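Q: Predicted model follows, preceded by the sequence.
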Amino acid sequence: MRFQTPLVPARLIRRYKRFLADLTLEATGQEVVAHCPNPGSMMGLAEPGMRVWLEPNDDPKKKLKFGWRLVELEDAHLAGIDTAVPNRVVKEALQKRAVPELAAYETVKAEVKYSKNSRVDFLLTQAGLPDVYVEVKNVHLRRTGTLAEFPDCVTERGAKHLGDLSDMVAEGHRAVMFYLVQRTDCSTFKLARDLDPSYGAAFDAATSNGVEAIAYGTRISHEAIVLGPKVDVCENA
């Protein structure tokens, strides 16, 4: 997934109302307001003074002329903050059959109705194989070492998706919870059970019912975000 326009650096002043951020452009010192495409807590990624990267636009239909895309981390690492990006990255990878666990499937359909009034992120089909229902989750929380965690706040919707996937396994299909780590400084993954115990319980129930859990990293630059290497899921995640 390539950015549509070259990103520009800025310093974060504050994030507020979940979807807005005040920033200072590095090149000119101008203060601007940018769209923050992330409804989550963004724990550790929205501290005042952080260096971030914005995507400018000249779309007359958009009120805000900048979109917040990346946060600069220590040792030249980057984190993506746009929660719409993981689905785009995973879709590209699935279409290229670049995910080994799912590479046998040729047909990739997005936003297909399933289970109890839900839409699955991706439905994969292939003659002679069980259908695969894939839900994608954005991961960008890191609290220690190289360990990525999900979720970064309570997510009732996420727990519901785990139940929906269990329903598909019960019907004889495959079901996969795909965690995409949208930062470059993590090599392992686990659940943040202390932040949402209910999600942890739902995960345990789903995996015991046969739902598969996989995690992949991303390769992030100022030009693009693409699928990275597989990330180890800790035992008893």
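A: Happy to help now that I have it. Numbering: from 1, shown residues only.

Q: Around C153, how many other residues sit close by?
A: C153: 15 surrounding residues under other C-beta atoms under 10 Å. All C-beta atoms are positioned from the backbone trio N, CA, C, and that covers glycine.

Q: can you pull the pLDDT of the nearest residue to it once chain neighbours are set aside?
A: The shortest distance from C153 to any non-neighbouring residue, by C-beta to C-beta, 6 or more residues apart in numbering, is to S41 (4.3 Å). Each residue has a pLDDT score; the one for S41 is 92.

Q: For S41, what are phi and psi?
A: Per-residue torsions, S41: phi -80, psi -30 (degrees, to the nearest 10).

Q: Distance check, it against F150.
A: Going from S41 to F150 by C-beta to C-beta, to the nearest Å gives 12 Å.

Q: who's more crowded, these two?
A: A direct count of neighbours by other C-beta under 10 Å for S41 and F150 places F150 higher, at 25 against 15.

Q: so how far is L162 from the more buried one?
A: 12 Å.

Q: Overlap in contacts, the two.
A: Both F150 and L162 lack any common contact, where contact means C-beta atoms under 8 Å, 6 or more residues apart in numbering.

Q: and R11, what does it touch?
A: L23, T24, E26, G49, M50, R51, V52.

Q: outside of stretch 80-99, which residues touch it?
A: Outside of stretch 80-99, the residues within contact range by C-beta under 8 Å, 6+ apart are 1, 36-40, 42, 45, 67-71, 102-103, 105-106, 108, 110, 121-122, 124, 134, 136-138, 140, 178, 180, 182-183, 214, 216, 218, 220, 225-227.

Q: Can you give me every residue that contacts the most centrally placed residue in the chain?
A: Residue closest to the average C-alpha location in the chain (C-alpha atoms, centre = their mean): N138, at 1.9 Å. For N138, the contact set (C-beta under 8 Å, 6+ apart) comprises T83, V85, P86, L180, Q182.

Q: domain parsing for the chain?
A: Listed by automatic domain parsing, the domain ranges of the chain are 8-72, 85-233.

Q: Adding distance to A79, write those out as JSON lines.
A: Written out in JSON lines, the entries for the domains of the chain read as follows (distance: least, C-beta to C-beta, whole Å):
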{"stretch": "domain 8-72", "distance to A79": "5"}
{"stretch": "domain 85-233", "distance to A79": "4"}
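
Q: Out of the ones you listed, which is the most enclosed?
A: Ranked by mean neighbour count under mean count of other C-beta atoms under 10 Å, those are led by domain 85-233, which reaches a mean of 18.

Q: measure that domain end to end?
A: From the first residue to the last, domain 85-233 extends over 21 Å; the measure is C-alpha to C-alpha, to the nearest Å.

Q: Also stretch 193-200?
A: End-to-end distance of stretch 193-200: 5 Å, with C-alpha to C-alpha as the criterion.

Q: Mind checking the pLDDT average for that stretch?
A: 97.

Q: cool, stretch 7-26 as well?
A: With pLDDT averaged residue by residue, stretch 7-26 scores 97.

Q: Tell me how far it lies from the chain's centre.
A: On the basis of C-alpha atoms, centre = their mean, to the nearest Å, the separation between the geometric centre of stretch 7-26 and that of its chain is 20 Å.

Q: then it to PDB, C-alphas only?
A: The C-alpha atoms that make up stretch 7-26 are tabulated as PDB, following Å, rounded to 0.1, in the frame of the first residue of the first chain:
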ATOM      1  CA  LEU A   7       4.600  12.500   3.500                       C
ATOM      2  CA  VAL A   8       5.900  15.600   5.400                       C
ATOM      3  CA  PRO A   9       7.300  15.700   8.900                       C
ATOM      4  CA  ALA A  10       5.700  17.500  11.800                       C
ATOM      5  CA  ARG A  11       5.600  17.700  15.600                       C
ATOM      6  CA  LEU A  12       2.600  16.700  17.500                       C
ATOM      7  CA  ILE A  13       1.000  19.400  19.700                       C
ATOM      8  CA  ARG A  14      -2.000  17.400  20.900                       C
ATOM      9  CA  ARG A  15      -4.500  14.800  19.800                       C
ATOM     10  CA  TYR A  16      -8.100  15.400  20.700                       C
ATOM     11  CA  LYS A  17     -11.700  14.400  20.000                       C
ATOM     12  CA  ARG A  18     -10.200  11.100  18.900                       C
ATOM     13  CA  PHE A  19     -10.000  12.100  15.200                       C
ATOM     14  CA  LEU A  20      -8.200  15.400  15.300                       C
ATOM     15  CA  ALA A  21      -4.600  16.500  16.000                       C
ATOM     16  CA  ASP A  22      -2.800  19.800  16.200                       C
ATOM     17  CA  LEU A  23       0.700  19.800  14.700                       C
ATOM     18  CA  THR A  24       3.500  22.000  13.700                       C
ATOM     19  CA  LEU A  25       5.000  21.500  10.300                       C
ATOM     20  CA  GLU A  26       8.800  21.100  10.500                       C
END
